[in-house]
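In: build the 3D model from these lines:
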Amino acid sequence: ELDPDAVDESDLPGVRKGHLAQLFAAAGLGEIEDSAIYARLPVDAFEAWWAPFELGVGPAGTYLAKQDPERRAAIRERCRRMLPATPFVHDTRAWAVRGVVQRSASS
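Out: Next up, the predicted model:
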């Protein structure tokens with residue numbers, strides 16, 4: 001909302017369902033199994049949720065670090081308004097995949 005031209009994380013490797021499996025297949029791995037890993041993170045205070053962004057963690061943190069102090073404050077307050085009142089539980093998901101190196105018949 002505050003920066004419509006900002007690049008989001010949707011094109012990064014492995015952020016879409018099945019993308020890691022596609023990458024494994026392209027690398028020649030076989031017996032590929034993909035799945036999702038879910039976690040629940042209790043958040044006691046907004047500051048605890050916000051702190052990693054201020055440290056430059058991940059693409060969102062890198063983006064935030066490039067903003068001037070006024071813009072960072074505006075983003076912080078927008079996030080505060082969007083999140084539920086604390087305490088809350090942040091449900092997360094990560095895509096996971098495993099595969100087997102295929103051996104050639106001559107190996």
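In: can you map out the strands along this protein?
Out: 29-43, 88-101 (DSSP state E).
In: the last one: which residues count as buried?
Out: Along strand 88-101, these residues count as buried under the neighbour rule (16 or more other Cβ atoms under 10 Å): 95, 97, 99. Glycine gets a C-beta too; all of them are placed from N, C-alpha and C.
In: what do you get for the first one?
Out: By neighbour count, and taking 16+ other Cβ under 10 Å as the criterion, the buried residues in strand 29-43 are 29, 32, 34, 43.
In: please enumerate residues in contact with that strand?
Out: 17-18, 20-21, 24-25, 49, 86-102 (Cβ atoms under 8 Å, 6 or more residues apart in numbering).
In: give me that answer again for 10 Å
Out: 17-25, 48-50, 83-84, 86-103 (Cβ atoms under 10 Å, 6 or more residues apart in numbering).
In: same deal with the shortest one?
Out: By Cβ under 10 Å, 6+ apart, the residues outside strand 88-101 that reach it are 14-25, 27-44, 46, 49, 83-84.
In: low pLDDT regions in the protein?
Out: 105-107 (pLDDT under 70).
In: quick one, longest helix in the protein?
Out: Using DSSP state H, we find that the single longest helix of the chain is helix 69-82.
In: so what touches that helix?
Out: So helix 69-82 is in contact with 1-3, 6, 46-47, 49-50, 53-54, 60, 63-68, 86, going by Cβ under 10 Å, 6+ apart.
In: put the buried members of those residues into a PyMOL selection.
Out: Applying 16+ other Cβ under 10 Å to the contacts of helix 69-82, the buried members can be selected in PyMOL as follows:
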select buried, resi 46+49+50+53+60+63+64
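In: the contacts of helix 69-82 in helices, which ones?
Out: 46-47, 49-50, 53-54, 60, 63-65.
In: next, format the residues you listed as JSON lines and append distance to E77.
Out: Below are the ones in helices among the contacts of helix 69-82 laid out as JSON lines (distance: Cβ to Cβ, whole Å):
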{"residue": "F46", "distance to E77": "10"}
{"residue": "E47", "distance to E77": "13"}
{"residue": "W49", "distance to E77": "13"}
{"residue": "W50", "distance to E77": "10"}
{"residue": "F53", "distance to E77": "13"}
{"residue": "E54", "distance to E77": "14"}
{"residue": "A60", "distance to E77": "16"}
{"residue": "Y63", "distance to E77": "16"}
{"residue": "L64", "distance to E77": "13"}
{"residue": "A65", "distance to E77": "18"}
